[in-house]
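Trainee: 3D, please:
(2 chains)
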Amino acid sequence: MRLINRRPTSPPLAVVLAALPFVAVAVAYAIGSDIRLAANPQDKLLPAPATILETAIRLFTEGDRRSGDILLWHDTWASLRRLFFGVGIGAIISLVAGVLIGMLPYARRTFSDFVAVLSMVPPLAMLPILFIVFGLGETSKIVLIVVGITPFLIRDLSQRVLDIPHEEIVKAQTLGASSLVIALRVVLPQILPRLIAAVRLSLGSAWLFLIAAEAVAADVGLGYRIFLVRRYLAMDIILTYVIWITLLAFLIDWALKVASRRAFPWLGAGL
Amino acid sequence: MSFVSVTDVWQSYDGRSIIERVNLDVAEGEFVSIVGASGCGKSTFLRLLLADERPTRGTIRIDGGAPAVEPGRERGVVFQRYSVFPHMSVRDNIVAAESFATGLGRFFGAKLRAARARADGTLDRIGLAHVAGNYPATLSGGMQQRLAIGQALTARPRILLLDEPFGALDPGTRIAMHDFLTELRAETAMTVFMVTHDLSEGFKLGDRVLVFDKPRWDPDYPEKFGATITYDFDARDGGIPYQRILEKAPGLAPDIVSDIAPDIAGPA
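Mentor: Below you'll find the predicted structure:
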């Protein structure tokens, strides 16, 4: 049988295959850590998995010695709030702008080149400007995420609007629909699942901008904590935070995927 | 008085002529089939009728009204594909034909319930009542086109435009759709324009068959001249409307023929 026709159909095999790379990375790390710790028990670079687990449990459950607050949860809420506002504001702006640019030839002529140029500005290069303009508080971090993801989202969504078959738009017109009705009843419902898909794609860069902004100037947040404990070479804390961030990002992505499938059943419809 | 009048219509894109000197008068209730080779401008002519494009020259009027600048409720349309809204259920697609003309494009409360009841009646007539809650993507090609036609007719257009509506269907479904369309026409007496690749389909359904072709041809510059209506067949009665007139009214003709040309008519 040809390789292209061999499929891992049985459930246990499929699960094993999916788990394989994760297990391989974990085993490779454990071996590396073991070798280093055997040579030097004080080594901080690759802490033993057991040490990381111990640290993780401590971070998730024990309060700070000074304030009594569990810092990890504070960091998580602070970061998630910034991410939520940044991505949410970016999504709303891009939805409105994308629909306008995609539907209205006048808006397209005016803004599409402008957005194309804007999307080439490196957002991190704008970070100092944002700190100067908006101060070191929450605003500058949220604005960085918005500035970072919105041009991409606008370009993607306006293209998706243009991809709606012209026949559908003409059909709506022959049913007497105004531009507003076409936007509300034909374009918007078909573009919302695209928005979720585009947001899922841009979440990676949103996290990048968030961590970067927190690393430069913050007093709470996941990125702030990682860059703070870096000074003490606290690899066990850094690794816990990295795994935690990865897990959060994965969960958000998964939740968006499920929400999209629930909210737009017509997408999956088919014979 | 003709219902749809097309007067000296030309259409060209960047100096390339697509159609030229098209004149046409269509009476109310006529079914006009439009045939021709690929790229002969028959779809362009349909888009002009639809007012999706404006002609470079000439005018198209419905019932003596002003030439349209954009598609509207006067014109109903069914394309080969993408004629229904994929994100709405079958029932809501029919309701949309009524609600789209309102301010927000949506009915609420009692109005919505009444519109849904009317939509169910329509679906019953076009044989889609059993899939009213489904999304169009779950329907077969023939059912989707039936829905598209039902949706277009629900808006009560003055003329119905069909752009190869059965082009993507298998032969059996196609014949069933011909019967469906013939029945609907008998009920509504709608004026219909249908572009088709299929000559026999054009003659079967149409009262008239228009053929688009290029009468002038410049071998050095094929795009110089556009296509126009080169034949306008009377397709009623299976495409032979006058040959059988004597069978229908045998008492009338022989006398006249023998009066004018006794040698042809033979001994009375």
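Trainee: Now residue 193: which helix or strand?
Mentor: The chain I'm using is chain A. Using DSSP states H and E, the element containing residue A:193 is helix A:188-216.
Trainee: looking at chain B here, not the other one
Mentor: Assessed by DSSP H and E, residue B:193 sits inside strand B:191-195.
Trainee: Counting neighbours, which bits of that strand end up buried?
Mentor: Under the neighbour-count criterion of 16 or more other C-beta atoms under 10 Å in any protein chain shown, strand B:191-195 has B:191-195 buried. C-beta coordinates here come from the backbone N, C-alpha and C atoms, glycine included.
Trainee: Is the helix or strand residue A:236 falls within positioned near chain B?
Mentor: Per DSSP H and E, residue A:236 falls inside helix A:235-263. No. On the criterion C-beta under 8 Å from any C-beta of the partner chain, helix A:235-263 is out of touch with chain B, staying 10.9 Å away.
Trainee: avg pLDDT for that helix?
Mentor: Predicted confidence along helix A:235-263 averages 92 (mean pLDDT).
Trainee: same thing with stretch B:37-44?
Mentor: Averaged across stretch B:37-44, the pLDDT comes to 84.
Trainee: Which residues does it contact?
Mentor: For stretch B:37-44, contacts defined as C-beta atoms under 8 Å, 6 or more residues apart in numbering or on different chains pick out B:11, B:18-19, B:34-36, B:53, B:163-164, B:195, B:197, B:212-214, B:226-227.
Trainee: from the chain's centre, how far out does it sit?
Mentor: Stretch B:37-44 sits 15 Å away from the centroid of its parent chain (C-alpha atoms, centre = their mean, to the nearest Å).
Trainee: mind listing the strands in chain B by residue range?
Mentor: With strands called from DSSP state E, chain B shows them at B:4-13, B:16-26, B:31-36, B:57-62, B:75-78, B:159-163, B:191-195, B:208-213, B:228-234.
Trainee: Around chain B, pick out the residues from chain A.
Mentor: Going by C-beta under 8 Å from any C-beta, the residues of chain A near chain B are A:165, A:167-168, A:170-178, A:180-182, A:184-186, A:189-190, A:264-266, A:269-271.
Trainee: repeat that with 10 Å
Mentor: Applying C-beta under 10 Å from any C-beta of the partner chain, we find that chain A lies next to chain B at A:164-178, A:180-186, A:188-190, A:192-193, A:264-271.
Trainee: Just the buried residues out of these, in ChimeraX syntax.
Mentor: The ChimeraX command for the buried members of these (criterion: 16+ other C-beta under 10 Å) is given here:
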select /A:164,167,168,169,170,171,172,173,174,175,176,177,178,181,182,183,184,185,186,190,192,193,264,266,267,269
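Trainee: How about residues contacting stretch A:97-110?
Mentor: A:91, A:94, A:111-112, A:114-115, A:150-151, A:153-164, A:169, A:179, A:182-184, A:186-188, A:191, A:194-195, A:198 (C-beta atoms under 10 Å, 6 or more residues apart in numbering or on different chains).
Trainee: repeat that for 8 Å
Mentor: With contacts defined as C-beta under 8 Å, 6+ apart, stretch A:97-110 is touched by A:111-112, A:115, A:153-154, A:156-162, A:179, A:182-183, A:187-188, A:191, A:195.
Trainee: And for stretch A:236-244?
Mentor: So stretch A:236-244 is contacted by A:47, A:51-52, A:54-56, A:59, A:72, A:75-76, A:222, A:225-226, A:229-230 (C-beta under 8 Å, 6+ apart).
Trainee: ok, now with 7 Å
Mentor: With contacts defined as C-beta atoms under 7 Å, 6 or more residues apart in numbering or on different chains, stretch A:236-244 is touched by A:47, A:51-52, A:55-56, A:59, A:222, A:225-226, A:229-230.
Trainee: so where is the stretch 1-150 of chain B shaky, pLDDT-wise?
Mentor: Residues of the stretch 1-150 of chain B that meet the criterion pLDDT under 70 lie in B:1.
Trainee: Could you list the contact residues of it toward chain A?
Mentor: Proximity of the stretch 1-150 of chain B to chain A (C-beta under 7 Å from any C-beta of the partner chain) is limited to residues B:50, B:52, B:70-73, B:75-77, B:79, B:81-83, B:85-87, B:96-97, B:100-101, B:104-106, B:135, B:137-138.
Trainee: Give the buried subset of these as a ChimeraX selection command.
Mentor: Selection of buried members from those for ChimeraX, criterion 16+ other C-beta under 10 Å:
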select /B:50,52,71,72,73,75,76,77,79,81,82,83,85,86,87,96,97,100,101,105,135
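Trainee: OK, contacts around the closest residue in space to residue B:91 that isn't next to it in sequence?
Mentor: Excluding the flanking residues, the one nearest residue B:91 by C-beta to C-beta, 6 or more residues apart in numbering or on different chains is residue B:132, at 4.3 Å. Residue B:132 sits next to B:90-91, B:120, B:123 when contact means C-beta under 7 Å, 6+ apart.
Trainee: any idea how far the residue lying closest to residue B:145 once chain neighbours are set aside lies from chain A?
Mentor: Nearest non-adjacent residue to residue B:145, counting by C-beta to C-beta, 6+ apart: residue B:165, 5.7 Å away. From residue B:165 over to chain A the distance is 12 Å, taken as C-beta to the nearest C-beta, to the nearest Å.
Trainee: Got phi/psi on residue B:165?
Mentor: For residue B:165, the backbone dihedrals (degrees, to the nearest 10) come out as phi -70, psi -30.
Trainee: so which of the strands of chain B is the most packed in?
Mentor: strand B:75-78 (a mean of 26; mean count of other C-beta atoms under 10 Å in any protein chain shown).
Trainee: contacting residues around it?
Mentor: The contact list for strand B:75-78 (C-beta under 7 Å, 6+ apart) reads A:170-171, A:174, B:50-51, B:145, B:148-149, B:152-153, B:155, B:157, B:159-162, B:165.
Trainee: so what strands line up beside it?
Mentor: strand B:159-163 (parallel) (DSSP bridges).
Trainee: Can you check what angle separates the partner strand from strand B:4-13?
Mentor: Using axes from the mean of the first three to the mean of the last three C-alpha atoms, to 10 degrees, the inter-axis angle of strand B:159-163 relative to strand B:4-13 is 40 degrees.
Trainee: what angle do strand B:159-163 and strand B:31-36 make?
Mentor: Interaxial angle, strand B:159-163 versus strand B:31-36 (the same axes, to 10 degrees): 30 degrees.
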